[in-house]
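A.B. asks: attaching a predicted model along with its sequence, questions to come.
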Amino acid sequence: MPYTTAELIQILERELQANWQGQRWLPSARERVGHSVIALAIPPERLSMVFAFEDFRAQVHEYQRQQGVSGVVWRTCRFRDGTIEVPEVHGQLCAIAGDKERLMQAKPAIAEFWWRQTQGLRYWWLHPQPRLATVAELTAAMAQAEWLELDATRTELYLGLCWGDPKEYRYQWARPQSGCERVVAAQAVPQAIKV
């Protein structure tokens, strides 16, 4: 029986701790840097830690793909008097086939939570500079987004309008095929810009 998503996260956490405690060593780490000056500037044990964990994580990602173990985890988002469980691809795991659909299935519940919890707040696009967003703009952008992300501070609610490949959407180089536009709901100008 394959490992679960939660078990893979625990395995990765233990491996990361072992790396930082110096229990893993890759003798070829310097050659993998690709730049001789940088390779000499960073102590070999630090390079070894980074590459050993990267190699291990790549093996876990391959295991996920082979065994069909999702990289999606559920996180509780709280804002004002509301609570919702939102899916996201775990930062140390990869999205596999079917994970995009898992993210997309939560879109209606997240949109409903957003509109209910942000009544009376102002909407702001975050990039390139914060600027006001109209309800009509936001409604159209939400309809075009394939899935939504939510995050909150005590006074602001953040919405990610995402599309494309869940493995790449956070990277600028993936645009325009994949990406995520950010909006924040706040009383006034956003204070704790959390991108």
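C.D. replies: Received it, and whenever you're ready, just let me know what you need. Numbering: from 1, shown residues only.

A.B. asks: show me where pLDDT drops low in this structure?
C.D. replies: 24-48, 192-195 (pLDDT under 70).

A.B. asks: packing partners for the strand or helix carrying residue 110?
C.D. replies: Using DSSP states H and E, residue 110 falls within helix 107-117. Packing partners of helix 107-117 (3 or more CB pairs under 8 Å, 6 or more residues apart in numbering; DSSP states H and E): strand 82-89, strand 147-152, strand 157-163. C-beta here means a position set from N, CA and C on the backbone, and glycine is covered the same way.

A.B. asks: C-terminal to it, what's the next element?
C.D. replies: From helix 107-117, the next helix or strand downstream (DSSP H and E) is strand 122-125.

A.B. asks: got the CA positions of that following strand in CSV?
C.D. replies: Written as CSV, here are the backbone C-alpha positions of strand 122-125 (Å, rounded to 0.1, in the frame of the first residue of the first chain):
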residue,chain,number,x,y,z
ARG,A,122,-12.4,47.4,-0.4
TYR,A,123,-10.8,45.2,-3.0
TRP,A,124,-7.2,45.8,-4.2
TRP,A,125,-5.2,44.2,-7.0
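
A.B. asks: what's next to the helix holding residue 110, contact-wise?
C.D. replies: Residues from elsewhere that reach helix 107-117 (CB atoms under 8 Å, 6 or more residues apart in numbering): 77, 79-82, 84, 86, 142, 145-150, 157, 159, 185.

A.B. asks: what residues of the longest helix that the chain contains count as buried?
C.D. replies: Longest helix in the chain by number of residues (criterion: DSSP state H): helix 44-67. Buried positions in helix 44-67, judged by neighbour count with 16 or more other CB atoms under 10 Å: 47, 48, 49, 51, 52, 53, 56, 57, 60, 61, 64.

A.B. asks: and the helices and strands packed on helix 107-117 as CSV, adding distance to residue 12 and mean neighbour count?
C.D. replies: Below are the helices and strands packed on helix 107-117 laid out as CSV (distance: least, CB to CB, whole Å; neighbours: other CB atoms under 10 Å):
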stretch, distance to residue 12, mean neighbour count
strand 82-89, 14, 17
strand 147-152, 22, 21
strand 157-163, 24, 22
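
A.B. asks: in JSON lines: those strands, plus distance to residue 170.
C.D. replies: Output for these, formatted as JSON lines (distance: least, CB to CB, whole Å):
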{"stretch": "strand 82-89", "distance to residue 170": "9"}
{"stretch": "strand 147-152", "distance to residue 170": "10"}
{"stretch": "strand 157-163", "distance to residue 170": "9"}
